[in-house]
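Student: let me see the structure of the following:
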Amino acid sequence: MAWVVLFIAGICEIGWAVGLKYTDGFTRLWPTVFTGVSLVVSMALLGIAVKTLPLGTAYAVWTGIGAVGTVILGIALFKEPATVVRLVCVGLIVAGILGLKFFSTPE
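Tutor: I've put the predicted structure just below:
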């Protein structure tokens with residue numbers, strides 16, 4: 001169950017990271033509210049997940065999910081480049097996330 005909570009926390013991290021782009025420097029109300037709520041939910045769920053999962057593993061997976069999702073949405077929403085090198089690097093992050101998930105033991 002902690003892995004599911006951690007995955008949802010990572011999805012919320014993507015929400016606040018991408019939301020930052022839409023806040024226009026925190027000058028737009030609803031994108032700012034969405035970003036703030038996503039941040040609080042993401043951190044709260046990470047806190048719940050680390051009750052069971054090792055801290056280093058949980059944090060690395062959480063940030064990895066956020067990084068990969070943010071890069072993908074940056075490509076899809078903001079026309080950021082999708083070069084082979086960038087995609088290979090994203091693949092390496094995914095490999096790291098999977099490695100940490102499958103080779104870690106709960107506390």
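Student: so who does L20 touch?
Tutor: The neighbourhood of L20, defined by Cβ atoms under 8 Å, 6 or more residues apart in numbering, consists of T35. The way it works is simple: take the backbone N, C-alpha and C, and place the C-beta from them, glycine included.
Student: repeat that for the one 3 residues further on.
Tutor: Each residue near T23 by Cβ under 8 Å, 6+ apart is listed here: 31-32, 35.
Student: considering these, which possesses the most neighbours?
Tutor: Each of the contacts of T23 was scored for neighbours by other Cβ atoms under 10 Å, and T35 scores highest at 21 neighbours.
Student: I14 is in contact with that one, correct?
Tutor: No - the pair T35 / I14 is not scored as a contact, 11.4 Å apart, by Cβ atoms under 8 Å.
Student: point out where this structure drops to low pLDDT.
Tutor: Within the chain, the segments meeting pLDDT under 70 span 106-107.
Student: can you give me the helices for it?
Tutor: Taking DSSP state H, the helices of the chain run over residues 2-23, 29-49, 55-78, 84-102.
Student: quick one: buried residues of the third one?
Tutor: Translated: helix 55-78. For helix 55-78, a neighbour-count test (16 or more other Cβ atoms under 10 Å) marks 57-62, 64-75 as buried.
Student: next one: the second one
Tutor: Of the residues in helix 29-49, those scored as buried under the neighbour-count criterion (16+ other Cβ under 10 Å) are 31-32, 34-35, 38-39, 41-42, 45-46, 48-49.
Student: now those as a markdown table including distance to F102?
Tutor: Putting the buried residues of helix 29-49 into a markdown table (distance: Cβ to Cβ, whole Å) gives the following:
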| residue | distance to F102 |
| --- | --- |
| P31 | 36 |
| T32 | 38 |
| F34 | 33 |
| T35 | 32 |
| S38 | 27 |
| L39 | 28 |
| V41 | 26 |
| S42 | 23 |
| L45 | 21 |
| L46 | 20 |
| I48 | 21 |
| A49 | 16 |
